[in-house]
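Novice: Sequence first, then the predicted structure:
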Amino acid sequence: MTPETKHIVSELRHEFYCLFAAAMNVPVRITGASYSSNSPIASWVDDRQRLNYLNVYAYTAPDEFIPFRPFILRLAINKSAGRVTVVKKGQECRGLNRVWDFELTLLPGEILDFLPWVVSLVQAYDKNLPSLLAPPPHPFELKVPTVGLFNEAWTQKAWLLAEEATATFI
């Protein structure tokens with residue numbers, strides 16, 4: 001990843017986490033301060049005392065070998081739960097939320113628009129009330145699994161950009 005792209009990811013992540021923490025009705029802890037393979041996360045404990053977390057990272061990004069690779073972000077909730085092991089001192093928690101996870105793949109210019117939608121998604125899952133889910137700010141494609149609820153979505157623009165890049169490199 002280019003230094004400029006790393007900086008953009010870091011800035012967008014920080015802004016999204018701060019706005020997410022302000023919008024949630026529960027305390028949100030933001031860990032870490034720089035981009036690395038173990039990128040910073042935002043975590044919170046839900047009504048059932050389960051630890052949840054959100055991670056924003058580059059799904060694809062330009063680098064020195066492929067400078068024209070598309071810059072696409074991924075916002076993941078409760079994915080790879082094994083990497084979250086630290087619970088804030090004094091924070092009551094019954095363990096990680098392994099009941100649901102979600103990934104949204106989107107363009108950098110779309111991420112802040114999705115903040116209210118992501119907050120509503122977390123609240124809808126936490127309260128088991130699908131009616132709390134706000135309409136998405138940008139059209140997206142859901143990847144519906146054979147069993148269970150959807151847990152992956154791509155914005156249309158991110159999907160088209162990734163498909164275009166794939167077709168270019170094949």
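Specialist: It's in.

Novice: helices or strands up against the longest helix that the chain contains?
Specialist: When the chain is parsed with DSSP state H, its longest helix is helix 3-23. Here helix 3-23 touches strand 28-31, strand 41-45, strand 51-60, strand 72-77, helix 115-127, going by 3 or more C-beta pairs under 8 Å, 6 or more residues apart in numbering; DSSP states H and E. The C-beta positions use only the backbone N, C-alpha and C, and glycine is treated the same way.

Novice: change it to 6 Å
Specialist: strand 51-60 (3 or more C-beta pairs under 6 Å, 6 or more residues apart in numbering; DSSP states H and E).

Novice: The one residue sitting closest to the centre of the chain pairs with what?
Specialist: The chain has Leu75 as the residue nearest its centroid, 1.8 Å off, counting by C-alpha atoms, centre = their mean. Per DSSP bridges, the residues bridged to Leu75 are Val56, Leu104.

Novice: Let me see the confidence value for it.
Specialist: Per-residue confidence (pLDDT) for Leu75: 97.

Novice: distance of it from Glu152?
Specialist: 11 Å (C-beta to C-beta, to the nearest Å).

Novice: go on, His14?
Specialist: As judged by C-beta to C-beta, His14 and Glu152 stand 25 Å apart.

Novice: What residues of the longest helix of the chain count as buried?
Specialist: 5, 8-10, 12-14, 16-17, 20-21 (16 or more other C-beta atoms under 10 Å).

Novice: which residues are in contact with that helix?
Specialist: Contacts with helix 3-23, where a contact means C-beta atoms under 6 Å, 6 or more residues apart in numbering, come from 28, 30, 35, 42, 56, 58, 61-62, 108, 111, 115, 119.

Novice: one more time with 7 Å, if that's ok
Specialist: 28, 30, 34-35, 39-40, 42, 54, 56-58, 61-62, 71, 108, 111-112, 115, 118-119 (C-beta atoms under 7 Å, 6 or more residues apart in numbering).

Novice: Using ChimeraX, define a selection of the buried residues within those.
Specialist: Provided next is the ChimeraX selection string for whichever of the contacts of helix 3-23 are buried by 16+ other C-beta under 10 Å:
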select :28,30,35,39,40,42,54,56,57,58,61,62,71,108,111,115,118,119
